[in-house]
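> what's the 3D shape of this:
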Amino acid sequence: MAQLLGLTLLSFFITGILLIPFIDFLYKIKLRRQKQKTKDLFNKSTPIFDKFNNWKAGTPFGGGILIIAVASILTLWAYGILKISVKPWEVFVILFTFVGFGLLGLLDDAKKLNPGKEFFFFGLRFRHKFMLQWVLAFIVAAVLYKQLGYTFIFIRGVGLTDMGFLYIPFAAFVIVSFANAFNIADGLDGLATGLFLISLVAFLAISANQLDNSLGAFIAILMGSVAAFLYFNIYKARIWLGDVGSLSLGATLGVIGLLTGKIIAVAFIGGVFIIEIGSSLIQILSRKFFGKKVFPVAPLHLYLLRKGWDEPKIVMRAWLAGFFFAILGLYIAFIK
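Sure thing, here's the model as predicted:
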């Protein structure tokens with residue numbers, strides 16, 4: 001455990017040192033949020049969202065680029081220098097998800113800088129981005145099934161359940177769900193990043209309990225990098241993750257959960273993320289099938305903003321809820 005905490009500190013200091021010049025670099029290349037009129041899945045304007053977020057125009061995004069670079073390089077360095085026993089295909093799953101979803105998010109971020117242009121062949125409309133998420137997720141799920149032998153899920157009270165080939169679509173669903181849940185939650189300064197950090201602490205405890213040193217080393221390094229980033233991401237944020245960070249971290253959270261095998265615990269540890277995407281999903285389905293909204297606005301954090309809650313208050317309450325869910329998830333993971 002001391003070795004893992006040392007990796008966390010190293011990652012924290014390296015990311016922290018690099019962040020200020022990196023923020024200056026983002027300003028120079030003009031990777032900053034633009035004032036824009038957003039639309040929802042039904043191509044309808046979202047004036048409430050714009051009202052609460054347009055004041056943030058000019059803030060640079062793309063912090064996920066630095067997190068991915070630092071965490072990936074340090075992870076490979078740690079595996080080599082510290083002679084950590086690793087499963088090559090497990091390393092592939094972790095880094096392919098981490099980098100692959102990051103590149104997809106980076107394409108989406110690049111599109112936002114030129115909203116009037118098609119970017120490559122797809123222009124990253126929602127349906128195209130969603131399709132590519134599933135492609136990446138199915139690749140990861142297939143490796144988990146074929147190369148690492150993951151077919152079982154453990155459900156408390158039921159025991160081990162062999163899903164067979166159905167594990168592939170199940171794992172892909174988990175990965176895509178967490179990628180989008182994180183992306184949806186990443187709407188307030190520090191909200192998603194803080195919740196993610198809490199989740200990582202819980203998963204580090206689980207991986208240490210399972211003696212999975214390769215996964216533990218990656219989590220420890222990612223914790224340090226995200227913690228350093230959070231310092232600059234809390235209200236009023238000096239930098240945001242961008243889709244490059246939110247899709248990468250969200251999908252990676254799902255993969256970490258799958259690798260631990262504690263699927264019910266994962267649902268609780270990521271509880272606030274699930275509530276966020278759940279509120280949006282209910283809103284979407286209600287509008288599609290019944291033609292009316294359940295909530296004035298969604299997701300939940302935007303609804304609370306509309307109710308008059310201050311942004312820092314929402315974030316702090318969400319972190320407390322995330323802490324509670326993480327403890328509950330750990331209890332479920334460790335209970336005999």
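
> list the contacts of the one helix or strand residue 281 maps to.
Assigned by DSSP states H and E, residue 281 falls within helix 271-290. Contacts with helix 271-290, where a contact means C-beta atoms under 8 Å, 6 or more residues apart in numbering, come from 41-42, 177-178, 180-182, 184-185, 192, 195, 250, 253, 267, 292-295, 298-301, 303, 318, 321-322, 325, 328-329. To be clear about C-beta, it is placed using only N, CA and C from the backbone, and glycine gets the same treatment.

> per-residue confidence averaged over it?
What helix 271-290 shows for mean pLDDT is 91.

> chain center to it, what's the gap?
A distance of 18 Å separates the centroid of the chain from that of helix 271-290, by C-alpha atoms, centre = their mean, to the nearest Å.

> buried sites along that helix?
271-277, 279-281, 283-284, 287 (16 or more other C-beta atoms under 10 Å).

> cool, stretch 316-335 as well?
Judged by neighbour count (16+ other C-beta under 10 Å), stretch 316-335 contains these buried residues: 316, 318-319, 322-323, 325-326, 329-330, 332-333.

> from those, which is closest to residue 243?
residue 318 (20.4 Å; C-beta to C-beta).

> quick revisit: just the buried ones from the contacts of helix 271-290, in PyMOL syntax?
Buried residues within these, by 16+ other C-beta under 10 Å, are selected in PyMOL with:
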select buried, resi 177+178+180+181+182+184+185+192+195+250+253+267+298+299+300+301+303+318+322+325+329
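
> toward the C-terminus, what is the element adjacent to the helix holding residue 281?
Immediately after helix 271-290, counting by DSSP H and E, sits helix 300-306.

> and the contacts of that following helix?
Residues from elsewhere that reach helix 300-306 (C-beta under 8 Å, 6+ apart): 48-49, 52, 185, 187-188, 191, 275-276, 279, 295-297, 311, 314, 318.

> change it to 6 Å
With C-beta atoms under 6 Å, 6 or more residues apart in numbering as the test, helix 300-306 has contacts from 52, 187-188, 276, 279, 295, 297, 314.

> out of those residues, which is nearest to residue 108?
Closest to residue 108 out of these is residue 187 (15.3 Å), distances taken as C-beta to C-beta.

> how close does the closest residue to the closest one other than its chain neighbours sit to residue 182?
Of all residues not flanking residue 187 in the chain, residue 301 sits nearest, at 5.8 Å (C-beta to C-beta, 6 or more residues apart in numbering). According to C-beta to C-beta, to the nearest Å, residue 301 stands 13 Å off from residue 182.

> swap in residue 269?
Distance from residue 269 to residue 182, counting by C-beta to C-beta: 13 Å.

> now swap in residue 127 and tell me
With distances taken as C-beta to C-beta, residue 127 is found 19 Å from residue 182.

> what do you get for residue 209?
Separation of residue 209 from residue 182 (C-beta to C-beta): 25 Å.

> and for residue 83?
Distance from residue 83 to residue 182, by C-beta to C-beta: 33 Å.

> center of this protein - which residue?
With distances taken as C-alpha atoms, centre = their mean, the residue of the chain nearest its centroid is residue 250 (2.0 Å).

> pretty sure it contacts residue 185?
No. Residue 250 is beyond contact range of residue 185, at 8.4 Å (criterion: C-beta atoms under 6 Å).

> sec struct for residue 138, please.
Local secondary structure at residue 138 is given as helix here, using DSSP: H, G, I helix; E, B strand; the rest coil.

> so what's the residue count around it?
Using other C-beta atoms under 10 Å, residue 138 is surrounded by 16 other residues.

> what sits against it?
The contact partners of residue 138, taken as C-beta under 6 Å, 6+ apart, are residue 172.

> now do it against residue 87, distance only.
For residue 138, the distance to residue 87 - C-beta to C-beta - is 20 Å.

> likewise residue 195?
From residue 195 to residue 87 the distance is 28 Å (C-beta to C-beta).

> how about the helices in the chain?
Along the chain, counting by DSSP state H, helices occupy 2-28, 47-53, 63-81, 88-113, 126-146, 167-185, 191-209, 213-233, 242-260, 263-269, 271-290, 300-306, 311-334.

> nearest to residue 34, out of the ones you listed?
Nearest to residue 34, of the helices of the chain and by C-beta to C-beta, is helix 88-113 at 6.9 Å.

> elements contacting the closest one?
Other elements packing on helix 88-113 under the criterion 3 or more C-beta pairs under 6 Å, 6 or more residues apart in numbering; DSSP states H and E are helix 126-146, helix 242-260.

> switch the cut-off to 10 Å
helix 63-81, helix 126-146, helix 167-185, helix 213-233, helix 242-260 (3 or more C-beta pairs under 10 Å, 6 or more residues apart in numbering; DSSP states H and E).

> list the contacts of stretch 81-88.
When contacts are defined by C-beta atoms under 10 Å, 6 or more residues apart in numbering, stretch 81-88 is touched by residues 3, 6-7, 74-76, 78-80, 93-94, 147-148, 211-218, 259.
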